[in-house]
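Would you be able to build a 3D model of this:
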Amino acid sequence: MARHPAGPGCKSAQNWGVQGIVAPPNCANLVGMNDPLVTIIIRSFNEGWALREALPALSAQDYTNWELIVIDSGSTDGSVELIRQAAPRHFIQIRPHDYNPSAVMNRGMQLARSEIAVFLNADATPQGPHWLRPLVSLLQDPFTAAVFGRQIPRPGCRAVFWHDYDRCFGSKRDSAQWEHFFSMVSSGLRKDIWSQRGFLEAMQYSEDDEYTLWCRAQGYRVLYCPESVVAHSHNYTPVQAYKRSFGEARALAAVWNSSPAEINWPRTVLLGWINDVRRDFGFCARHGLLAEWKHAAQIRWQQRRARLDGFREGWKFYRNDEAIYH
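Purely as a prediction, here's the structure:
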């Protein structure tokens with residue numbers, strides 16, 4: 001979901017329009033007055049443990065003019081019953097092996113009656129009644145294509161992943177300096193801009209990055225909204241961390257505009273891993289979590305290996321074996 005110095009990069013930011021952080025206007029005196037219809041779209045698969053909190057949190061929002069669309073990929077954990085109780089306007093059930101993130105998000109956008117759609121992962125829990133309004137406020141601007149909110153880790157999040165959330169969403173977030181960053185977990189889109197192209201269904205990972213990069217290339221804004229907060233985190237195993245990083249790197253190859261030789265073992269894996277564990281050591285030391293550093297180093301090694309492997313596989317798939325590796 002991110003593109004930053006820890007891994008493969010992208011075009012210079014000056015070529016991609018504007019990405020920034022903007023505080024929404026004070027809407028305290030306008031609550032409930034002239035609020036346009038908003039569509040909330042949830043993708044779910046066996047996340048009933050989180051839906052038990054997320055669905056009531058939607059009902060508690062101070063922004064009340066919204067409809068709900070849920071697309072479930074064959075849940076068997078009681079999620080279906082929870083979703084039906086929430087009475088969504090559309091509840092679509094697909095088979096697990098038919099899930100394609102871009103296709104599912106495009107379907108949700110097609111069904112939306114509103115001009116503003118807000119996406120919420122089923123395992124993300126809005127924090128308080130003011131999660132929705134800040135996202136919607138920013139999307140009132142016709143030149144803002146997409147917005148994304150802040151994510152805070154859940155209790156029990158391992159240090160390596162907590163560090164990632166701090167770098168992406170913390171008060172001094174590193175992601176503000178990256179060439180591009182976006183997360184679909186808690187986000188919003190304008191339908192009129194999405195309708196110009198939509199998500200590329202050939203992509204299985206990083207479809208949100210690719211779409212918002214396209215938006216910026218057209219001159220639209222992509223904004224961060226820290227006032228909108230959800231709890232969301234995962235404690236990936238080393239195997240899961242490898243798989244996720246592999247998929248993201250594979251997708252990166254589809255939009256890579258520099259020489260593929262820049263993605264190599266010394267730079268991407270070895271030096272990248274050294275920088276990762278150095279940053280993780282500082283984070284663990286500051287938070288009294290040095291016992292977690294060994295685990296962080298193991299996760300980072302898997303992620304770094306996956307970035308190289310995934311990029312090479314993606315280049316072969318998307319770019320017809322054009323790469324020359326050294």
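
Tell me which other helices or strands the longest strand that the chain contains touches.
Across the chain, the strand with the greatest residue count (assigned by DSSP state E) is strand 221-231. Contacting strand 221-231 under the criterion 3 or more C-beta pairs under 8 Å, 6 or more residues apart in numbering; DSSP states H and E are the following elements: strand 18-21, strand 125-126, helix 132-138, strand 144-152, helix 207-217. (C-beta placed from N, C-alpha, C; glycine too.)

And the pLDDT at Asn29?
On pLDDT, Asn29 comes in at 40.

right, so of the helices and strands packed on strand 221-231, which gets closest to Pro101?
Of all these, helix 207-217 sits nearest to Pro101, with 5.6 Å by C-beta to C-beta.

Run through who's touching the host helix or strand of Ala249.
Take DSSP states H and E as the rule and Ala249 turns out to sit in helix 238-255. Contacts of helix 238-255 with the rest of the structure, by C-beta atoms under 8 Å, 6 or more residues apart in numbering, involve 1, 3, 7-8, 10, 202-207, 209-210, 213, 234, 236, 260, 298-299, 302-315, 317-319.

Show the buried residues in these.
Buried positions within those, assessed by neighbour count (16 or more other C-beta atoms under 10 Å), are 1, 3, 7-8, 10, 203, 205-207, 209-210, 213, 236, 260, 299, 302-312, 314-315, 318.

Now, those residues that are in helices?
With helices defined by DSSP state H, the entries of those inside them are 207, 209-210, 213, 299, 302-312, 314-315, 318.

returning to that earlier point: how much distance is there from the longest strand of the chain to the middle of the chain?
The chain centroid and the centroid of strand 221-231 are separated by 11 Å, computed with C-alpha atoms, centre = their mean, to the nearest Å.

quick check, Ile42 in a strand?
Yes: assessed with DSSP: H, G, I helix; E, B strand; the rest coil, Ile42 lies in a strand.

got the contact list for it?
Taking C-beta under 8 Å, 6+ apart, we find Ile42 in contact with 54, 68-71, 119-122.

Can you add distance to His287 and mean pLDDT and give the helices and strands packed on strand 221-231 back as CSV?
Formatted as CSV, the entries for these read as follows, by distance: least, C-beta to C-beta, whole Å; pLDDT from 0 to 100:
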stretch, distance to His287, mean pLDDT
strand 18-21, 24, 46
strand 125-126, 23, 98
helix 132-138, 28, 98
strand 144-152, 14, 98
helix 207-217, 29, 95
